[in-house]
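Asker: no sequence on this one, just coordinates:
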């Protein structure tokens, strides 16, 4: 499969951040502090591949942002939210 372009990842990052009331830079920093990975790396995964798991309510903002970013990309994957 073809990976997403940098422009597509940036557009999805902007959509994700807007959906949760943050700037793209704030979302990247928040994600790094909680997962040790920038948020844009999650959105850059090839279509049909990995989807992240966010197990507690503290990470709901990341799950919501991921879902919004994937929706902006037209990708059906959504974050796994655990129990």
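Answerer: Structure received. What you see is a predicted model, and the numbers here were worked out from it, not measured in a lab. Numbers count the residues shown, from 1 in each chain.

Asker: Compute the number of surrounding residues for the nearest residue to residue 71 once chain neighbours are set aside.
Answerer: Spatial nearest neighbour of residue 71, excluding adjacent residues (C-beta to C-beta, 6 or more residues apart in numbering): residue 15 at 7.6 Å. Heads up, the C-betas are built off the backbone N, CA and C, glycines and all. Residue 15 has 18 neighbours, counted by other C-beta atoms under 10 Å.

Asker: Now do the SS call for the residue nearest to residue 59 when sequence neighbours are not counted.
Answerer: Of all residues not flanking residue 59 in the chain, residue 34 sits nearest, at 6.2 Å (C-beta to C-beta, 6+ apart). Of the three states, residue 34 takes helix under DSSP: H, G, I helix; E, B strand; the rest coil.

Asker: Around residue 34, count how many other residues there are.
Answerer: Based on other C-beta under 10 Å, the number of other residues close to residue 34 is 14.

Asker: That one and residue 8, how far apart?
Answerer: Using C-beta to C-beta, to the nearest Å, residue 34 is found at 24 Å from residue 8.

Asker: cool, and residue 44?
Answerer: As judged by C-beta to C-beta, residue 44 and residue 8 stand 9 Å apart.

Asker: My guess is the residue nearest to residue 59 contacts residue 62. True?
Answerer: Yes: counting by C-beta atoms under 8 Å, residue 34 touches residue 62, with 6.6 Å between them.

Asker: For this protein, give me the ranges with low pLDDT.
Answerer: Under the criterion pLDDT under 70, the flagged ranges of the chain are 1-2, 83.
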